[in-house]
Each structure stands twice: as C-alpha cells, then as structure tokens.
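Student: Sequence plus predicted model, see below.
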Amino acid sequence: MWEIDPNFRDDVFTFARVQYDSRGGFGRGRGGNRWQNDYPDSDWNFSLRLEQLTSLKVDPNGKVLRLTDPELLDYPFLYMNGVGGMYLSEEEAVALRRYLTNGGFLMLDDFWGDREWQVVTEQLSRAVPQWQPRELPLSHEIFHIVYDLNQRPQVPSIRHWRSGRTFEDHGPGSDRGPNYQGLFDENGRLAVLLCHNNDLGDGWEREGEDPEYFREYAVKWSYPMGMNIIFYVMTH
C-alpha cells in the first residue's frame, strides 16, 4: 500500500475493472462470476508496478464498476477479463456505447479461440455496431510507446504453461498466436483493444508464484504490454 497526496486524490490513475454477467465459459468463475478472473491480485500487482516504475500516480485500491454505474465516465480506462462468455444487457450495451463515444477506452483480456471471439465481437456489436475490428500490426504505436516490443506478446495462464503449453486450449483457433485487434471510432481513435488468444492478466496476478514464469511472461510481456496500453490511452 502507499499513500495518495490528499490534495490530488481525484487526479490519480485508477485501474477500473468491469463487473459483467456471463454465460458458460472456461475455467474458474464460470457463469455470473467470470468477471472476477485473476481478481484482485492482478489489479493490485499491476497498480503497484505502475506506481513503482512509471511517472503515474496510481490509486492502490482500484475500482470495480458495472457498465451502468453512474461513475463510469470518471474512468478513462476500463478492463474486462475472461470475457469468452460475457453477456451485456440492453441497458449495459447502451451504457457502453455512451462511454466509448465520449472518449473512454476498453481493454478485453483472456479469451481464446474462435468461439469466444465470436461471443465477444457479437456483444460489442450490440454497443457499437458501426465499428468493425481491425488487426493491430506490430508497427502500431501501442507496442512501442514505452517499451519497444519486438513481437506481439502472447501470455498463457500459469496453469497451461506448467502443462507445457504456450497457449490456452479453449477450442479451435486457440493455437493461432496472439490476435490484437481494435475498434476505432469515427475519428480514428482506438477505443477498444481486444487482446485475443492472450491472458496478460495472469502475468500480473501470478508474478510471485514461479520465478521462471515471472521472468518469461510477467517481466518480458505482461507488464511491458500493460504499461504500453495505459500510456497509450492516457496520451491519446
């Protein structure tokens, strides 16, 4: 834990996670609790590393919000994890549209394969049907803005890594490599980042569980990519 300057309590970066409903999905937290995947350790660890390693002043506690929360527009960055079975109500789809068209940014993490990709893109299309996913090439600024990455990161969960896999098997398409795609608004602003075939949050959550996993995934990929995303969001 660390103290926030009381004179600037409302001027710190807050890692904001979205609580959502889900149908099915893989792994821990199936059904309505899937939004809690990697929570709270990933959020705490990532917030700590942002505070330690960057110039940002960060709230150590983070925030959990529903898309319909009246405070949503106070947070420029939102994070959703384990979204392969997510379901948005009509009210939530409208609230997400309002958030994104007012300049907000959404990162979706830890979903794999063709089926989960279809679920996520179908749900997003209910909020912003006119925005179509576009692949982000390695040359995109988000891979270089702070840490200059020489490849697009792919992070498996520690459980899959311990079984000898470099990806998580969630069905067909899970083994095709990292798939970073974005939804862009009418002005060309990247508003939604889809970190498909990836579990960046596990690199944050599990950093203290295995020295090799920490070195190979948390240090090399999860933290650098996460910090690149935050600085891209906060400077565009």
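Tutor: Thanks, I have the structure now.

Student: measure the nearest residue to Tyr232 once chain neighbours are set aside to His170 for me?
Tutor: Of all residues not flanking Tyr232 in the chain, Ile142 sits nearest, at 4.7 Å (CB to CB, 6 or more residues apart in numbering). Using the backbone N, CA and C atoms, a C-beta is placed for each residue, glycine as well. Distance from Ile142 to His170, counting by CB to CB, to the nearest Å: 24 Å.

Student: One more: Glu212?
Tutor: 24 Å.

Student: Same drill for the two, tell me which one is more crowded.
Tutor: Remark: of Glu212 and His170, His170 carries more neighbours, 21 against 9, as counted by other CB atoms under 10 Å.

Student: Point out where this structure drops to low pLDDT.
Tutor: Segments of the chain classed as low confidence (criterion: pLDDT under 70) are 24-32.

Student: Please repeat the previous calculation with a cut-off of 90.
Tutor: In the predicted model, the chain carries pLDDT under 90 at residues 1, 9-10, 23-34.

Student: how far does the helix ranked longest in it sit from the chain's center?
Tutor: Assignment by DSSP state H gives helix 113-127 as the longest helix of the chain. Centroid separation for helix 113-127 versus its chain: 15 Å, with CA atoms, centre = their mean, to the nearest Å.

Student: ok, and what's touching that helix?
Tutor: 25, 83-88, 90, 93-94, 96-97, 100, 108, 111, 131, 133, 169-174, 179, 183, 192, 194, 196-197 (CB atoms under 8 Å, 6 or more residues apart in numbering).

Student: Take those and keep only those in helices.
Tutor: Using DSSP H, the members of the contacts of helix 113-127 that fall in helices are 90, 93-94, 96-97, 100.

Student: of these, buried ones?
Tutor: Judged by neighbour count, with 16 or more other CB atoms under 10 Å as the criterion, the buried members of the ones in helices among the contacts of helix 113-127 are 93, 96-97, 100.

Student: closest to Phe8 among the residues you listed?
Tutor: Comparing those against Phe8 with CB to CB picks out Leu100 as the nearest, at 27.2 Å.

Student: contacting residues around the closest one?
Tutor: Taking CB under 8 Å, 6+ apart as the test, what Leu100 contacts is 106, 127-128, 183, 185, 191-192.

Student: switch to 10 Å and redo it
Tutor: Neighbour list for Leu100: 78, 106, 124, 127-128, 131, 183, 185, 189, 191-192 [criterion: CB atoms under 10 Å, 6 or more residues apart in numbering].

Student: What of Leu96?
Tutor: If you count contacts by CB under 10 Å, 6+ apart, Leu96 has them with 18, 20, 67-68, 72, 78, 88, 104, 106, 123-124, 126-128, 192.

Student: can you rerun that using 6 Å?
Tutor: 67, 127 (CB atoms under 6 Å, 6 or more residues apart in numbering).

Student: Give me the distance between it and Gln132.
Tutor: 16 Å.

Student: before we move on, what about Arg215?
Tutor: 38 Å.

Student: Present the ones in helices among the contacts of helix 113-127 as JSON lines; the columns should include distance to Asp10.
Tutor: Shown next, in JSON lines, are these (distance: CB to CB, whole Å):
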{"residue": "Glu90", "distance to Asp10": "32"}
{"residue": "Ala93", "distance to Asp10": "29"}
{"residue": "Val94", "distance to Asp10": "27"}
{"residue": "Leu96", "distance to Asp10": "24"}
{"residue": "Arg97", "distance to Asp10": "26"}
{"residue": "Leu100", "distance to Asp10": "23"}
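
Student: Make sure the residue nearest to Tyr232 is indeed in a strand.
Tutor: No - if the criterion is DSSP: H, G, I helix; E, B strand; the rest coil, then Ile142 is helix and not within a strand.
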